[in-house]
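Asker: coords below, sequence missing:
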């Protein structure tokens, strides 16, 4: 298992948050006064992962070159933590020709073959794909692993159960990660899922299952390390459910009235200031470092935004290039 680095993990969580905060700002800048989801430099839906950074950072700390991730429609935190280029990803979100998919995929369809990263807007779609990647790794006799990420609502989809069954049957090197942020769009987990912990479902397929509470990056790191080590050793799949937090709406423009009083406690549960305080208390982070780390992240994000807005839009005559026919 890799050694956990607290300062590096904090830096990466801040980097991801600063990125999404800026995307939030840019996305909303030209959609007022009358909300128009199709307007502006970033048209269409936008799903941001603020509050869920510990899941990506804790899991991806164990991954290496050649390992694969399939992410859901809320993908930016796992993309950045897995090494996807921030400039190319931002250009894709802006629909520019220099983007990961030449501007044709948008933020829910980010594909980076170099880093084996992909995502999809279809619920639980990445789980079977991860099984295919893991199957290929096993056939090639490598020690690479695949990580499939989805929300807790996806655990009620057929693809989830089919993927777990096949992975267990073939002892595939895949780690299934469920980000439980309590809400499947506007439906609370208690109204949609018969079991309090989706990790308990792993027993039905004869594989290890663990639930990590409190959005704790260090506990996530420990659980992911055990699962990755197991997969690399040829011992098969594992399931990890992470109780995390969605700070913002399911999508941008979501009024979130359904969250009621729970919404009032969101800011105090924000994992980044909580982790910063714990590191300061441990003497591993200073107030000056907090400012410096945020400034460095802002500079990187600024460069990515500038790259995107200055990149050309795709040419109409190229609409049928680089797509499945």
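Answerer: Nice, I can see it. These numbers were taken from a predicted model, which means no experiment stands behind them.

Asker: assumed residue 155 was part of a strand.
Answerer: No - Residue 155: not assigned to a strand; according to DSSP: H, G, I helix; E, B strand; the rest coil it is helix.

Asker: residue 176 is in contact with that one, correct?
Answerer: No - if you go by Cβ atoms under 8 Å, residue 155 and residue 176 don't touch, sitting 9.1 Å apart. No exception for glycine: its C-beta is placed from N, CA and C like everyone else's.

Asker: and the residue nearest the centre of the chain, backbone torsions?
Answerer: The residue lying closest to the centre of the chain (Cα atoms, centre = their mean) is residue 78, at 3.5 Å. Torsion angles at residue 78 (phi, psi; degrees, to the nearest 10) stand at phi -70, psi -30.

Asker: tell me where the stretch 1-150 of the chain has helices.
Answerer: In the stretch 1-150 of the chain, the helices defined using DSSP state H, counting those that start in this stretch lie at 6-28, 53-60, 76-81, 86-93, 126-139.

Asker: TSV for those, including distance to residue 312 and mean pLDDT?
Answerer: What follows is those, written out as TSV (distance: least, Cβ to Cβ, whole Å; pLDDT from 0 to 100):
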stretch	distance to residue 312	mean pLDDT
helix 6-28	18	97
helix 53-60	31	98
helix 76-81	23	98
helix 86-93	10	98
helix 126-139	30	98
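
Asker: for these, give me TSV that also has distance to residue 269.
Answerer: Below are the helices of the stretch 1-150 of the chain laid out as TSV (distance: least, Cβ to Cβ, whole Å):
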stretch	distance to residue 269
helix 6-28	14
helix 53-60	12
helix 76-81	17
helix 86-93	27
helix 126-139	27
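
Asker: related to what we said a few turns ago, residue 155 and residue 176: which is more packed in?
Answerer: For residue 155 and residue 176, the more surrounded residue by other Cβ atoms under 10 Å is residue 176, and the numbers stand at 32 against 26.

Asker: does the residue lying closest to the more buried one once chain neighbours are set aside count as helix, strand or coil?
Answerer: Among residues not flanking residue 176 along the chain, residue 239 sits closest, at 4.6 Å (Cβ to Cβ, 6 or more residues apart in numbering). Following three-state DSSP, we place residue 239 in the strand state.

Asker: bridged to residue 239, which residues?
Answerer: Here residue 239 sits in beta bridges with residue 176, residue 209, as judged by DSSP bridges.

Asker: got the contact list for the residue lying closest to residue 208 once chain neighbours are set aside?
Answerer: Excluding the flanking residues, the one nearest residue 208 by Cβ to Cβ, 6+ apart is residue 238, at 4.7 Å. Shown in contact with residue 238 (Cβ atoms under 8 Å, 6 or more residues apart in numbering): 175-176, 202, 207-210, 226-227, 230-231.

Asker: most surrounded residue in the residues you listed?
Answerer: If you rank the contacts of residue 238 by neighbour count (other Cβ under 10 Å), residue 176 sits at the top with 32 neighbours.

Asker: and it, how far from residue 275?
Answerer: The gap separating residue 176 from residue 275 is 25 Å, by Cβ to Cβ, to the nearest Å.

Asker: please apply the same query to residue 162.
Answerer: 36 Å.

Asker: of those two, give the one with the bigger neighbour count.
Answerer: Per other Cβ under 10 Å, whichever of residue 162 and residue 275 has more neighbours is residue 275, with 23 against 14.

Asker: pLDDT value on that one, please?
Answerer: Listed pLDDT for residue 275 reads 98.

Asker: with adjacent residues omitted, what lies nearest to it?
Answerer: residue 10 (5.9 Å).

Asker: contacts only, for the residue nearest to residue 38 when sequence neighbours are not counted.
Answerer: Once flanking residues are discounted, residue 38 sits nearest to residue 44: 7.0 Å by Cβ to Cβ, 6+ apart. Listed by Cβ under 8 Å, 6+ apart, the contact set of residue 44 reads 37-38, 106-107.
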